[in-house]
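1. show me how the following folds:
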Amino acid sequence: MEQTVGGVTAAQGFMAAAAAAGIKYENRADMAMIYSSSPCVCAGTFTTNIVKAAPVKWDQKIVQDSKSVQAVIVNAGIANACTGEEGLSYCRKTAECVGEQLNLEPEAVLVASTGVIGKQLPIDRICAGAKMLGKKLNADIASGHEAAQAIMTTDTKEKEVAVRLTLGGHTVTIGGMCKGSGMIHPNMCTMLSFITTDAAISKELLQEALSMTVQDTYNMVSVDGDTSTNDTCLVLANGMAGNEEITERNEDYKAFCEALYAVNETLAKKMAGDGEGATALFEVKILHARDKAQAVALSKSVVSSSLTKAMIFGHDANWGRILCAMGYSGADFDPEQVDIWFESAAGKISIMENGVQVDYSEEEATRILSEPEVTAVADVKEGEASATAWGCDLTYDYVKINADYRS
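-> You can find the predicted model right below:
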């Protein structure tokens, strides 16, 4: 497996486009479309929030019931959440507008939205945008890049990645794009992710692969402790690479899962590092846990702690906040045998051994914590399990961004 250029248009048969429909933003693209020239099997994972946006409900049904899909349409600015039957009807209307452009049934079109909760979509603008997108579809890398930019809300940068691997002598590509900067917390961290691949794989195993990789990637991200109403991750596979269809858990399936994991991990870290107002990607690793559940609980608790996140922003090696967050995680452990250290491109420094602070240089710790990517490691010395969670620092700008988000 190797990384290659591009995003959702890197795999064979996929096209993308971006358009400015004036949904909320001015002077920028705010709608995107992904289209496959061949029918795709699809898989999806969605928010665990009881309050689910209309597009989530639409996509859940499409993923469950449709034998194939060929298009995804996304708008930024308005989430189409808490909009009742009218909002759900706009999902169908959007899919119908796309279908008219691409000669597809509405049930072959997935719909996603992100933005302000509670407002109804300007459906006339949405349909006008669909027409523009249908005419602009292109398979080049630039079109995929523009689509990744169009779905951003408070994101400061587009997020995309693509990898290639060989399955049965055929080159297979997996590409993806996502958006997410705030209202992100474990449990399908507002996060939208769209993955395309030309691999031939059964719908059942595609869903299994996605559900499995999501657990250790998107579900290990926390920006602010808020689980969105719109979280959606979709994978489309059109089989155009020509590999023998993966229908059993063989070596090809294992290789595909590893590549899909790499794509989702990269996108998850890009979201964490671009958290609203963030200046640093904050990574938390738990080592030698009793079991996976313990490791996950401990890492999530630390990466989600507001005090720990503020500590990273201040470049302050206040290890007590890390141990405290571990203590209220709900996972049992012995604090008197825990080691904690910090790592970054600037080096590594031990802070605590066997539950007691060691002699260390505050200046050196500050230098290590001043890098744009910082890792806190806690060794609980109870077993062989481990887990890694990703988040970001908590800054003044986070409050500023969210204080006037609807304005």
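2. report pLDDT for the residue nearest to the spatial centre of the chain.
-> Per CA atoms, centre = their mean, the C-alpha nearest to the average position across the chain is that of residue 268, at 4.5 Å. Residue 268 is assigned a pLDDT of 90 by the prediction.
3. which is the succeeding secondary structure element to the helix or strand hosting residue 194?
-> Here residue 194 sits within strand 192-197, counting by DSSP states H and E. The helix or strand immediately downstream of strand 192-197 is helix 203-215, counting by DSSP H and E.
4. any idea how far the nearest residue to residue 110 once chain neighbours are set aside lies from residue 192?
-> Nearest residue to residue 110, sequence neighbours excluded (CB to CB, 6 or more residues apart in numbering): residue 72, at 4.5 Å. Backbone N, C-alpha and C define where each C-beta goes, glycine included. According to CB to CB, to the nearest Å, residue 72 and residue 192 sit 10 Å apart.
5. common neighbours of these two, please.
-> residue 112 (CB atoms under 8 Å, 6 or more residues apart in numbering).
6. got the angle for the helix or strand the residue nearest to residue 110 falls within vs strand 192-197?
-> Taking DSSP H and E as the criterion, residue 72 maps to strand 69-78. Using axes from the mean of the first three to the mean of the last three CA atoms, to 10 degrees, the inter-axis angle of strand 69-78 relative to strand 192-197 is 160 degrees.
7. from the chain's centre, how far out does strand 69-78 sit?
-> How far strand 69-78 lies from its chain's middle: 16 Å, per CA atoms, centre = their mean, to the nearest Å.
8. who does it touch, helix- and strand-wise?
-> Here strand 69-78 touches strand 31-46, helix 84-102, strand 109-116, helix 123-136, helix 141-150, strand 192-197, strand 232-237, going by 3 or more CB pairs under 8 Å, 6 or more residues apart in numbering; DSSP states H and E.
9. switch to 7 Å and redo it
-> The elements that strand 69-78 packs onto, with contact taken as 3 or more CB pairs under 7 Å, 6 or more residues apart in numbering; DSSP states H and E, are strand 31-46, helix 84-102, strand 109-116, helix 123-136.
10. quick one: which helix or strand includes the residue sitting furthest away from the middle of the chain?
-> Ranking residues of the chain by C-alpha distance from their mean position (CA atoms, centre = their mean) puts residue 359 at the top, at 38.9 Å. Remark: residue 359 resides in no helix or strand, with elements defined by DSSP H and E.
11. returning to what we had before: how about the residue nearest to the centre of the chain, phi and psi?
-> Phi and psi for residue 268, reported as degrees, to the nearest 10, are phi -60, psi -40.
12. ok, it to residue 322 distance?
-> 21 Å.
13. how about residue 343?
-> Separation of residue 343 from residue 322 (CB to CB): 13 Å.
14. looking at the two, which one has more neighbours?
-> Taking neighbours as other CB atoms under 10 Å, residue 343 and residue 322 compare with residue 322 leading, 27 against 17.
15. what strand or helix carries that one?
-> When elements are assigned from DSSP H and E, residue 322 belongs to helix 319-327.
16. average pLDDT across that helix?
-> The model assigns helix 319-327 a mean pLDDT of 95.
17. dump the residue contacts of the residue nearest to the centre of the chain.
-> By CB atoms under 7 Å, 6 or more residues apart in numbering, residue 268 lies in contact with 217-218, 220-221, 390.
18. now it: closest residue in space that isn't a chain neighbour?
-> Spatially, and ignoring its direct neighbours in sequence, residue 268 is nearest to residue 217 (4.4 Å; CB to CB, 6+ apart).
19. quick one: neighbours of the one you found, just the number.
-> Residue 217 has 25 neighbouring residues, counting by other CB under 10 Å.
20. check what pLDDT it gets.
-> The predicted local confidence for residue 217 is 92.
21. and residue 343, that one's in a strand?
-> Yes. Counting by DSSP: H, G, I helix; E, B strand; the rest coil, residue 343 is part of a strand.
22. hmm, it is touching residue 376, no?
-> No. If you go by CB atoms under 7 Å, residue 343 and residue 376 don't touch, sitting 8.1 Å apart.
23. quick check: bridge partners of residue 14?
-> Beta-bridge partners for residue 14, by DSSP bridges, are residue 36.
24. how close does it sit to residue 101?
-> Applying CB to CB to residue 14 and residue 101 gives a distance of 16 Å.
25. now residue 297
-> From residue 297 over to residue 101 (counting by CB to CB), the distance is 47 Å.
26. likewise residue 361?
-> 62 Å.
27. before we move on, what about residue 263?
-> Separation of residue 263 from residue 101 (CB to CB): 28 Å.
28. out of residue 361 and residue 101, which sits in the busier spot?
-> Applying other CB under 10 Å to residue 361 and residue 101 shows that residue 101 carries more neighbours, namely 20 against 11.
29. next up, the contacts around the more buried one.
-> Residues in contact with residue 101 (CB under 7 Å, 6+ apart) are 130-131, 134.
30. cutoff 10 Å now
-> The contact partners of residue 101, taken as CB atoms under 10 Å, 6 or more residues apart in numbering, are 33, 35, 71, 73, 109, 127, 130-135, 137.
31. and these, which are buried?
-> Neighbour-count burial (16 or more other CB atoms under 10 Å) applied to the contacts of residue 101 gives 33, 35, 71, 73, 109, 127, 130, 132-134, 137.
32. and of the helices and strands packed on strand 69-78, who's closest to residue 312?
-> For the helices and strands packed on strand 69-78, distance to residue 312 was read as CB to CB. The smallest value, 26.3 Å, belongs to strand 109-116.
33. partners of that closest one in the sheet?
-> Note on strand 109-116: by DSSP bridges, its sheet partners are strand 69-78 (parallel).
34. the strand it pairs with: which residues count as buried?
-> Applying a neighbour-count criterion of 16+ other CB under 10 Å, one finds 69-78 buried in strand 69-78.
35. can you show me the CA trace of that strand as CSV?
-> Extracted in CSV, the C-alpha atoms of strand 69-78 (Å, rounded to 0.1, in the frame of the first residue of the first chain):
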residue,chain,number,x,y,z
VAL,A,69,-26.0,3.9,-5.6
GLN,A,70,-24.1,6.2,-8.0
ALA,A,71,-24.1,9.7,-6.5
VAL,A,72,-23.7,11.7,-3.4
ILE,A,73,-24.7,15.4,-3.1
VAL,A,74,-23.6,17.5,-0.2
ASN,A,75,-24.4,21.1,1.0
ALA,A,76,-22.6,23.2,3.5
GLY,A,77,-24.2,26.0,5.6
ILE,A,78,-27.5,24.4,6.7
